[in-house]
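> would you be able to build a 3D model of this:
(chains A and B)
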There are 2 protein chains.
Amino acid sequence: MFKFDIKEKVDKQESKRIMDDLTIELGKLQREAGEKKVPILIILEGLDASGKGGVISELLMAMDPRGYNVYSNNRESEEEELRPLFWRFWNHLPGEGEITIFDRSWYYSVFQEGENGKKYKRRCREIVHTEELLSREGTLIVKFFLYITKKEQRKRFEKLSENPSTSWKVTKRDWKSNKNYDEILERYGKLIGDTDTGEIPWNLILSEDLDTAKLKVMEELTENIRSYLDEDLPEREVELPKPKKEFKLEEAKAAAPVDKDEYRRKLKKYQRRLHELEHEIYERRIPVVIAYEGWDAAGKGGNIKRLVERMDPRGYDVIPIGAPTDVEKIHHYLWRFWTKLPKGGHISIFDRTWYGRVLVERVEGFCTENQWMRAYGEINEMESQWAEDGAVILKFWIHIDRDEQLRRFEEREKIEHKMWKITEEDWRNREKWDEYRGAVEDMIRYTSTKKAPWYVIEGNSKYSARLQVMERVIKTLEKRLKKK
Amino acid sequence: MFKFDIKEKVDKQESKRIMDDLTIELGKLQREAGEKKVPILIILEGLDASGKGGVISELLMAMDPRGYNVYSNNRESEEEELRPLFWRFWNHLPGEGEITIFDRSWYYSVFQEGENGKKYKRRCREIVHTEELLSREGTLIVKFFLYITKKEQRKRFEKLSENPSTSWKVTKRDWKSNKNYDEILERYGKLIGDTDTGEIPWNLILSEDLDTAKLKVMEELTENIRSYLDEDLPEREVELPKPKKEFKLEEAKAAAPVDKDEYRRKLKKYQRRLHELEHEIYERRIPVVIAYEGWDAAGKGGNIKRLVERMDPRGYDVIPIGAPTDVEKIHHYLWRFWTKLPKGGHISIFDRTWYGRVLVERVEGFCTENQWMRAYGEINEMESQWAEDGAVILKFWIHIDRDEQLRRFEEREKIEHKMWKITEEDWRNREKWDEYRGAVEDMIRYTSTKKAPWYVIEGNSKYSARLQVMERVIKTLEKRLKKK
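Next comes the predicted model:
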């Protein structure tokens, strides 16, 4: 293991020797982390002109490009602007065996937002949560903050300004940030303090001398990775979120029957209204997330089709969720849902969802008990982030009873063009009805929140189920549109 | 098989019956195409208010969302604007077993560009090429153009305008397009004519009555898919592009030796210059593609590292190309390169490239002879599209001789931190040296073009190879920056 005393400026010769060793060591660690499938996230924050770019180049020189990525959080793109703050970061998180460098991260974004009241507190919570979430699933996070003195910063700006080929780099904002140096440093200090749980400590690097800073970063990084790879971290306790009340599926209200004429009349009316609302939420740039879960053969597909039938296809997406692809598999289980979030003004309809974690993955043992138990809280937090940043979220559990499912399974096996819909797996799942029911009940009690409520839709009558969903969507969108 | 006479408006009852049958048929075909791994691309073009949205909704109603996508080419995003025209379409092409609907496609984009000289001709060529390229690798393309009379169009605009909830849909542009109806129809007619090779015929659908139009589209689509799935299409002849002259790797000029001092001095100078140029191309929004190929152990990795060492990490990406992921595997072999194109102002450095098709895939038999032979032309066309739309392209073959490779392999096996770089596969490839050499020589002779030239870099001396590449990149960027 490497441990150098580089608190003091070291001489050039010595510094080069150490750096050469660290470079080889980092390459080795990258390969080892790759084999052990550890995702590594390096967060690099710092004052303007503190040498972040130089440090990144140094790190990249030591690494094999097959396996690293750099994401620069410097300018918000149009796509990013239209989504919750953390969307951009989720899009660039490392997968198993990958290393990602965030050249400025959520800290910078929150710093830039410049809030200090309720929203600031929320952001702090989001940061803490996100880092914990990732680290619990095995991501190693190493955080650096580079700082320099006010005088040194001014010197660097001056030097850059004098050279015609670099003068473009120094903006008015930079000079202003030098002037407000003390305030900025204090604000960063506060943010770091407010988000510090001690679990993922910061490395504060004085960068007056860039070579020394590079050495320190390399040293801390290799040490962090080395000890992470050598240690087995204990799994932390899981706290279930406090449920409002017990929930039993049997209590789901039976829907009033609907005859064909009433169905047709209402369907037409609702679809016309949905078409209008689709436009209104587009105008207001409101993102809408509609999540469908339900028993096999509950009629989710047909329900979704009616919901979108008269909508403009440019405004919505139906996102079927099946087995994850190999790229999805090497990421956090929520990654593929974050990355598929609709942008402001668009509607994403998920045909099966992130709740797979606490349904099929729980029942079939695809994840550990610890994992699905903590998923309730993780999902609540994710939906809360979406909602707080403006999204409308509706979740539907389409419910049929066991007899109705049997009837539909048998019907599917009889009708030629429906046969493909029924597989061995459906029959197997059916045998586990009670286990699934327990999982569904837990899901609803632990994750039905004010901002992302579950609606249990009684689905023995398909007509009624379709109308119920539409009514609920219309009501929710209308309510949202009335606000501000 | 279905064949209905729906030239005349059919009565409602009859129409519904036919549509129900077609809906079942399309669902069946979708599953069959899925099993046979056929990608299906549906191109929907048409006049304003001709009912494209309604037709799409109808198609979607008939399909299983697990397997279809809709891409609307209505408004250019920031990301799209900064890249070659066809980039956006490549990003949304169907993979094996998938169905994609382009709600307006390259035809609309070219129509919107409104060019009529050289650029228009180029676009026509690009359209023809892209459709052929996809269809040769097995994509079924079905094209529809929906049209209505001038009078009907005006009527629809008026009707939309009268209803307060839809009046937003009718813009000034729409009224203008109704006024210029004749000219617009004529221009579309010309474009369709200029790009028609008879291979992928258009379905021109009169849409005065929307229900009839929906029926026709459904009928044509199911028929097209049915006959495609039933027929075995013959492979077409491949024509090799005309090479300028024979090329022999032995003729690659041996580079003058460079001593350590000269190397350090020049390295520093070139890296500083590259840093400046990186900014200048950013300012001018020029995309730069740098492709690296070379023998195993030729030193590509180290070469790339020196090239980017002093660049700002925000301006470039190093893209290592390994085995394709499962999502990449179900797409056209060029898909993963198109989708990774740098945007204007950015530099993408590919560590191995699309030339894998005519190198490893050819030599190891991973594709058919027909496939790699036609790849030369396909790659030339792809690079030509990138270049014509503004990209700078440089391609480097890092060359070492057989003895030097042996020396490096043996060295790697001796040094602990280099051991991971050498595998059984490297030794196996080495045995096929002559086959690979032939493939490299063919590659260079068939794909070295004025806009995307190959540079053979003599690499027995790593120092020299690094400096040669930098010199070439600097020279090329400087030349490009002088233009306009």
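> tell me who's in contact with residue A:52.
The neighbourhood of residue A:52, defined by C-beta atoms under 8 Å, 6 or more residues apart in numbering or on different chains, consists of A:44, A:45, A:46, A:103, A:104, A:146. C-beta coordinates here come from the backbone N, C-alpha and C atoms, glycine included.
> from residue A:396, how far out is the closest residue to residue A:467 other than its chain neighbours?
In space, and not counting its chain neighbours, residue A:467 is closest to residue A:266: 5.4 Å by C-beta to C-beta, 6 or more residues apart in numbering or on different chains. Computed with C-beta to C-beta, to the nearest Å, the distance linking residue A:266 and residue A:396 is 18 Å.
> try residue A:208
Taking C-beta to C-beta as the criterion, residue A:208 is separated from residue A:396 by 58 Å.
> more neighbours, the two?
With neighbours defined as other C-beta atoms under 10 Å in any protein chain shown, residue A:208 and residue A:396 compare such that residue A:396 has more, 26 against 15.
> and whichever residue of the stretch 101-250 of chain A sits closest to chain B, helix, strand or coil?
Ranked by C-beta to the nearest C-beta, the top residue of the stretch 101-250 of chain A for proximity to chain B is residue A:165, at 4.6 Å. The three-state assignment at residue A:165 reads coil, by DSSP: H, G, I helix; E, B strand; the rest coil.
> from residue B:276, how far off is it?
With the distance defined as C-beta to C-beta, residue A:165 ends up 5 Å from residue B:276.
> before we move on, what about residue A:446?
With C-beta to C-beta as the criterion, residue A:446 and residue B:276 are 57 Å apart.
> is the closest residue in space to residue A:298 that isn't next to it in sequence bridged to anything, and to what?
Across the structure, with C-beta to C-beta, 6+ apart as the measure, the residue nearest residue A:298 apart from its sequence neighbours is residue A:398 (4.0 Å). In this structure, residue A:398 bridges to residue A:294, residue A:457 when assessed by DSSP bridges.
> who touches residue A:398 in this structure?
Applying C-beta under 8 Å, 6+ apart, we find residue A:398 in contact with A:292, A:293, A:294, A:295, A:298, A:299, A:300, A:303, A:457, A:459, A:465.
> still on that earlier bit, if we check chain B, which of the contacts of residue A:52 are in contact?
The subset of the contacts of residue A:52 lying close to chain B, counting by C-beta under 8 Å from any C-beta of the partner chain, consists of residue A:103.
> could you dump the contacts of residue A:52 into CSV and include pLDDT, secondary structure and neighbour count?
Shown next, in CSV, are the contacts of residue A:52 (pLDDT from 0 to 100; DSSP: H, G, I helix; E, B strand; the rest coil; neighbours: other C-beta atoms under 10 Å in any protein chain shown):
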residue, pLDDT, secondary structure, neighbour count
A:44, 97, strand, 25
A:45, 97, strand, 25
A:46, 96, strand, 23
A:103, 96, strand, 22
A:104, 96, coil, 19
A:146, 96, strand, 23
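> per-residue confidence for residue A:65?
What the model reports for residue A:65 is a pLDDT of 76.
> now the closest residue in space to it that isn't next to it in sequence, what are its backbone angles?
Taking C-beta to C-beta, 6+ apart, and ignoring the residues beside it in sequence, residue A:65 has residue B:318 as its nearest neighbour in space, at 4.1 Å. Here is the backbone geometry of residue B:318 (degrees, to the nearest 10): phi -100, psi 120.
> grab the nearest non-local neighbour of residue A:376.
In this structure, residue A:376 finds its nearest non-sequential neighbour in residue A:446, 4.0 Å apart by C-beta to C-beta, 6+ apart.
> CA atoms only for the host helix or strand of the one you found, dumped as CSV, please.
Using DSSP states H and E, the element containing residue A:446 is helix A:433-447. This file holds the C-alpha atoms of helix A:433-447, laid out as CSV (Å, rounded to 0.1, in the frame of the first residue of the first chain):
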residue,chain,number,x,y,z
TRP,A,433,-50.8,-15.8,-5.7
ASP,A,434,-50.8,-15.4,-1.9
GLU,A,435,-47.1,-14.5,-1.8
TYR,A,436,-47.6,-11.9,-4.5
ARG,A,437,-50.7,-10.6,-2.7
GLY,A,438,-48.6,-10.0,0.4
ALA,A,439,-46.0,-8.2,-1.6
VAL,A,440,-48.6,-6.0,-3.3
GLU,A,441,-50.2,-5.1,0.0
ASP,A,442,-46.8,-4.2,1.5
MET,A,443,-46.0,-2.2,-1.6
ILE,A,444,-49.1,-0.2,-1.4
ARG,A,445,-48.9,0.5,2.3
TYR,A,446,-45.3,1.5,2.3
THR,A,447,-45.2,3.5,-1.0
